[in-house]
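Enquirer: Quick one: sequence plus predicted model below, questions after.
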Amino acid sequence: MKIVVLLSVTTIFVVSCLATLAYASDPSPLQDFCVAVKDADAAVFVNGKVCKNPDMVVAEDFFFPGLNKPGNTSNPVGSRVTPVNVNQIPGLNTLGISAVRIDYAPNGLNPPHTHPRATEILVVMEGTLYVGFVTSNPANPALKNKLFTKYLYPGDVFVFPEGLIHFQFNVGKTNAVAFAGLSSQNPGVITVANAVFGSDPKINPAVLTKAFQVEKNVIDYLQAQFWTDIN
């Protein structure tokens, strides 16, 4: 009898561990909602946001206006991301989802970047986009990272897997607009060029010259640029 009980407990423990490891993104909520308290008002720091008193929750906690308005694309890369995550809608806290609107000027680019905590599904509303993502390093060192690309038109949908470097480029002669959903209340964004060449403090040029196999003057030039944050 003791052996059966021990095996049952062990099985439950293993299944619980595997279930925890199986989470693809944000964990499921344990209540109807957990409206976020502003970080500045929170007495403690947690993985996510502190819950607002449910008795104080109002409809505005689940609302964001104005996603119909174009973003300002007057910047060097010609695009603008308008996020709607837990920082804009506190009611998204613990719900594991968020959205963005992306505007592109002609030849506008949403530069190569990753979302460390979310898969992205993008739908084109206007214009023509050239999009793609690159796989992680293959197990076989003789192989290269694989690039997947597609030309998208209004009504087309494309998925960017969680954590992989991806981009969107407006190849049309008119403005383009896309909307995307992301599988996290706070997907995070790491723009590759900004992170590598625009960090503060700067990465030691010796590291980057070795990594990119270029002369130091190239790294000096890149680190001297103004790296635009379009988010």
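Expert: Good, I have the coordinates.

Enquirer: drop to CA atoms for contacts and neighbour counts, all remaining ones
Expert: Fine.

Enquirer: The helix or strand of the chain with the lowest mean pLDDT: what's the following helix or strand?
Expert: Among the helices and strands of the chain, helix 2-21 carries the lowest confidence by mean pLDDT, DSSP states H and E, at a mean of 41. Using DSSP states H and E, the next helix or strand after helix 2-21 towards the C-terminus is strand 79-84.

Enquirer: That following strand pairs with which strands, parallel or anti?
Expert: strand 98-104 (antiparallel) (DSSP bridges).

Enquirer: which ones are touching the residue nearest to residue 104 when sequence neighbours are not counted?
Expert: In this structure, residue 104 finds its nearest non-sequential neighbour in residue 79, 4.4 Å apart by C-alpha to C-alpha, 6 or more residues apart in numbering. When contacts are counted by C-alpha atoms under 8 Å, 6 or more residues apart in numbering, residue 79 is found next to 71, 72, 73, 102, 103, 104, 105, 108, 109, 110, 230.

Enquirer: quick one: residue 132 is in a strand?
Expert: Yes - counting by DSSP: H, G, I helix; E, B strand; the rest coil, one finds residue 132 located in a strand.

Enquirer: From here on, call the first residue 4.
Expert: Got it, first residue is 4 now, which makes that one residue 135.

Enquirer: separation between it and residue 125?
Expert: Distance, residue 135 to residue 125, by C-alpha to C-alpha, to the nearest Å: 11 Å.

Enquirer: Comparing these two, which shows the higher neighbour count?
Expert: The neighbour count for residue 135 versus residue 125, taken as other C-alpha atoms under 10 Å, is higher for residue 125 (23 against 19).
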